[in-house]
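Colleague: Generate coordinates for the sequence data below:
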Amino acid sequence: MKGRSLLLKAGEIAKITGGEILSGSAERICKGVSTDSRNIDRGNLFVPIIGGNFDGHDFIGKAVEQGAAVVLVQRDKSERFKCSVTDVPIIIVGDTLKSLGDIASFWRKQFDVPIVAVTGSSGKTTTKEMIASVVSLSRNILKNHGNFNNLIGLPLTLLQLNSGHEALILEMGTNSRGEIERLTHIADPDVGIITNIGPAHLEGLKSLDLVVKEKGDLFGNMKTNGVAVVNRDDSAIRDLQERWKGQSLTFGMSGNAFVTAEDVVAEGREGINFTLSIEGKRKRIKIAAMGRHNVYDALAAAACSWALGIEYNQICSGLEGFKQLQGRMRLHRLKKGIYLIDDTYNANPASTREAIETLNEIKGDNDIVVVMADMLELGESAAEMHEEIGRLMAARGVKRIFLSGNLVISLANGAKKEGLMQDQIVLQATPEMVVDQLYSFAKRGDFILVKGSRGMKMEKYVNAIITAFGED
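Modeller: Below you'll find the predicted structure:
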C-alpha cells in the first residue's frame, strides 16, 4: 500500500527521524511512501522494513530502479550501502519501522482533522466500517483498509492524509505489548474506543490482564481533551474509564448508557432491528448484519459518530446503509437453497462463539455445518479454548464439523465430550473433501459456516463451495 499525499524534502525527513544523510541532496523531494519495492511510484520515499522472514534492505536496489526518490536505511545495515554510487539520497536511521511511524506522526500533525481510533478484542473492523458508513454521508473520510491496522499499515494510512479529508477512521490492532501505545502516539486520536476486551492474541500478550493493559493504552495515551467512548457493559473497560481524566461517552444495553438500544429483534438472515436511543431521541432502525453482537458494534459506531458532532438522523441513516464486509459473517445464498456464511477474515474464541450463537438463533429446523481451522495466537490456553468451542458447537446442535490445522484436534475432543459422534467430525479436511461430502447430505435451508484465523487461509474453502454449488 502506498501513500501518495506526503510531500517532503530529504533533509526534512532526516530531521523528523533523527537520521543523517549518507549520500544525495537534502533538497530532493519525495512524494508518497512505499514499503514494498514491487509497488512503488516514481518519487516515493522507500522505507525498507525488517520482518521475521524478510528484510526490505535486500530490495533497495530494485526500489531505486522503480523510481524511489529517497531511501531510508537502518544503521545496522548501513555498511552495505556506504560504497553505493547513487544520486538518490540515502538517510541512515536507527530503526526504519520507528522512522515510518515518526514520519506519519509528523504528517498527521500538519492537518486539523478529527481522528477516531478503534481497538478491541472483537468487532473493531465492523465498528470502524459502521462509523465510516455514518460519517461519509457528510464528510470526505479516510480509513484504513484490510489488515492495515498495525505499526506498518496505520502509518501508511496516515501518510495518505491531504487537505481534502475531513475525518479519519482508524482501526488499531495488536499482538504484542506496547503496540497500542505506539499507535496512539502516532495517530494522536481525538476519539478513542475499545469495543470490548476478551481472550485474543494471548500468544503475544500472555494473559487477559495484559490484554486489558494493552487495550487500555489507547485511553492511557490519548490527549485529555479527547473523548473516550466506553462500553458500559464491559467491566474491564468500565475500570479503565475510572482512570481516564478526559471526557467520556458511554454506550451499551444497560439503562445508564448515553447511547443504547431498545427492543432488539433479530430477523435471521435479514439482519437485526432495534430502537436507537441517544439523548432522548429514539428511532427504529434496521442493520444488514446477522447476530445480536452487531448491535454493540452499531451502538459503538453511533457513540463515536456523536462524539464527532454527527447529528442523530444521519447516524441512523448511516447505520442502515452499512454493508457487511467480505469475510465478516457475509451471507452467500447457494443455488441448492443452502446458506454459506463466510466468516474467514479472522477467528478468536469470542468471535467464534458469536458466530455459533447467531446461527443457532436463526437456523430454525435446519442444520448447521461448520468448516473450521485453528484459532491462532492463543498461547498456552490454545488447547483449552479450542476444546470449549468444540463443546459449544455440540451443545448448539452443529450437525457436522470439518476441521483443518493442528489445534483443532482439541476442538474435536471437546465436541465429542459434549456428545458429537466420531463420524460427524472430519479432521484435516481439504476443500475437495468438504465439497464432496456437502453434496451428499446438505439440504435446502442448511447453514455452512466457514471460519478460522487469517493465517489459515480459509477463503479457499469458501471459493470451493461457491464454485461447486453456484451462487444464487
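Colleague: which stretches of the stretch 351-472 of the chain aren't confidently modelled?
Modeller: Using pLDDT under 70 as the threshold, the predicted model of the stretch 351-472 of the chain has no low-confidence range.
Colleague: Mind jotting down where the strands sit in it?
Modeller: With strands called from DSSP state E, counting those that start in this stretch, the stretch 351-472 of the chain shows them at 368-373, 400-404, 425-426, 447-451.
Colleague: so what does the second one touch, helix or strand wise?
Modeller: Okay, so that is strand 400-404. In terms of contact count using 3 or more C-beta pairs under 8 Å, 6 or more residues apart in numbering; DSSP states H and E, strand 400-404 is assigned the packing partners strand 368-373, helix 408-417, strand 425-426, helix 431-441. Placement of C-beta: from N, CA and C, glycine included.
Colleague: Can you classify residue 181 as helix, strand or coil?
Modeller: helix (DSSP: H, G, I helix; E, B strand; the rest coil).
Colleague: Please name the nearest non-neighbouring residue to it.
Modeller: By the measure of C-beta to C-beta, 6 or more residues apart in numbering, the closest residue to residue 181 outside its immediate chain neighbours is residue 217, 4.2 Å from it.
Colleague: my guess is that neighbour meets residue 180, correct?
Modeller: Yes: with contact defined as C-beta atoms under 8 Å, residue 217 reaches residue 180; the gap is 4.3 Å.
Colleague: I'd like the distance between residue 20 and residue 30.
Modeller: When C-beta to C-beta, to the nearest Å is applied, the distance between residue 20 and residue 30 equals 17 Å.
Colleague: More neighbours: these two, which one.
Modeller: Looking at residue 20 and residue 30 with other C-beta atoms under 10 Å, you find the greater number of neighbours at residue 30, namely 23 against 12.
Colleague: Where does that one fall, secondary structure wise?
Modeller: The secondary structure element spanning residue 30 is strand 29-34 (assigned by DSSP states H and E).
Colleague: Enumerate every residue touching the residue nearest the centre of the chain.
Modeller: Averaging the C-alpha coordinates of the chain gives a centre point, and the residue nearest to it by C-alpha atoms, centre = their mean is residue 125 (4.4 Å). By C-beta atoms under 8 Å, 6 or more residues apart in numbering, the residues touching residue 125 are 171, 325, 328, 345.
Colleague: List just the nearest of these to residue 412.
Modeller: For the contacts of residue 125, the minimum distance to residue 412 (C-beta to C-beta) is 23.4 Å, reached by residue 345.
Colleague: roughly how far apart are the closest residue to the closest one other than its chain neighbours and residue 161?
Modeller: Spatial nearest neighbour of residue 345, excluding adjacent residues (C-beta to C-beta, 6+ apart): residue 327 at 3.5 Å. Using C-beta to C-beta, one gets 27 Å for the distance from residue 327 to residue 161.
Colleague: go on, residue 110?
Modeller: In this structure, residue 110 lies at 8 Å from residue 161, with C-beta to C-beta as the measure.
Colleague: out of these two, which sits in the more crowded spot?
Modeller: residue 161 (20 against 14).
Colleague: tell me the SS of the more buried one?
Modeller: Following three-state DSSP, residue 161 is assigned to coil.
Colleague: Grab the nearest non-local neighbour of it.
Modeller: Leaving out its chain neighbours, residue 161 is closest to residue 111 (C-beta to C-beta, 6+ apart), at 5.3 Å.
Colleague: That neighbour looks like it's in a strand, true?
Modeller: No: counting by three-state DSSP, residue 111 is not part of a strand but coil.
Colleague: before we move on, the earlier item: between the strands of the stretch 351-472 of the chain, which one is nearest to residue 148?
Modeller: Taking C-beta to C-beta as the criterion, strand 447-451 is the member of the strands of the stretch 351-472 of the chain that comes nearest to residue 148, at 22.2 Å.
Colleague: The closest one packs against which elements?
Modeller: For strand 447-451, the helices and strands in contact under the criterion 3+ C-beta pairs under 8 Å, 6+ apart are strand 339-343, helix 349-362, strand 368-373, helix 459-469.
Colleague: and the ones you listed, which is most packed in?
Modeller: Comparing the helices and strands packed on strand 447-451 by mean neighbour count (mean count of other C-beta atoms under 10 Å), strand 368-373 comes out on top with a mean of 26.
Colleague: sorry, back to before: can you tell me how far the residue nearest to residue 161 is from residue 105?
Modeller: Between residue 111 and residue 105 the computed distance is 12 Å (C-beta to C-beta).
Colleague: what's around the residue lying closest to residue 208 once chain neighbours are set aside, how many residues?
Modeller: The shortest distance from residue 208 to any residue other than its chain neighbours is 5.9 Å, reached at residue 199 (C-beta to C-beta, 6+ apart). Number of residues near residue 199 (other C-beta under 10 Å) recorded here: 19.
Colleague: Residue 199 and residue 385 touch, don't they?
Modeller: Yes: at 6.5 Å, residue 199 and residue 385 qualify as touching, with contact defined as C-beta under 8 Å.
Colleague: so where's this protein uncertain?
Modeller: In the chain, residues with pLDDT under 70: 1-4, 83-85, 201, 255.
Colleague: So which of the contacts of residue 125 sit within helices?
Modeller: Members of the contacts of residue 125 lying in helices (criterion: DSSP state H): none.
Colleague: Go through those and single out the one with the most neighbours.
Modeller: Neighbour tally across the contacts of residue 125 (other C-beta under 10 Å): the maximum, 28 neighbours, falls on residue 171.
Colleague: Tell me which residues touch the residue nearest to residue 413 when sequence neighbours are not counted, please.
Modeller: Counting by C-beta to C-beta, 6+ apart, the nearest residue to residue 413 once its immediate chain neighbours are dropped is residue 387, at 5.9 Å. Taking C-beta under 8 Å, 6+ apart, we find residue 387 in contact with 410-411, 413-414, 417.
Colleague: same thing but 7 Å
Modeller: Under the criterion of C-beta atoms under 7 Å, 6 or more residues apart in numbering, the neighbours of residue 387 are 410-411, 413-414.
Colleague: now it: how far from residue 153?
Modeller: Using C-beta to C-beta, we find residue 387 at a distance of 33 Å from residue 153.
Colleague: circling back to that earlier point, isn't the residue nearest to residue 345 right next to residue 347, touching?
Modeller: No: counting by C-beta atoms under 7 Å, residue 327 sits too far from residue 347 to count as a contact (10.5 Å).
Colleague: Which of those two has more residues huddled nearby?
Modeller: Neighbour comparison, residue 327 and residue 347: the larger count goes to residue 347, with 24 against 19 (by other C-beta under 10 Å).
Colleague: So the more buried one: helix, strand or coil?
Modeller: Here residue 347 is recorded as coil under three-state DSSP.
Colleague: And for residue 260?
Modeller: The three-state label for residue 260, taken from three-state DSSP, comes out as strand.
Colleague: Can you tell me who the residue lying closest to it once chain neighbours are set aside pairs with across the strands?
Modeller: The shortest distance from residue 260 to any non-neighbouring residue, by C-beta to C-beta, 6+ apart, is to residue 277 (5.0 Å). Judged by DSSP bridges, the bridge partners of residue 277 are residue 260, residue 282.
Colleague: what's the burial count for residue 277?
Modeller: The burial count for residue 277: 19, using other C-beta under 10 Å.
Colleague: shared neighbours, residue 199 and residue 385?
Modeller: Shared contacts of residue 199 and residue 385, counting by C-beta under 7 Å, 6+ apart, come down to 349, 378.
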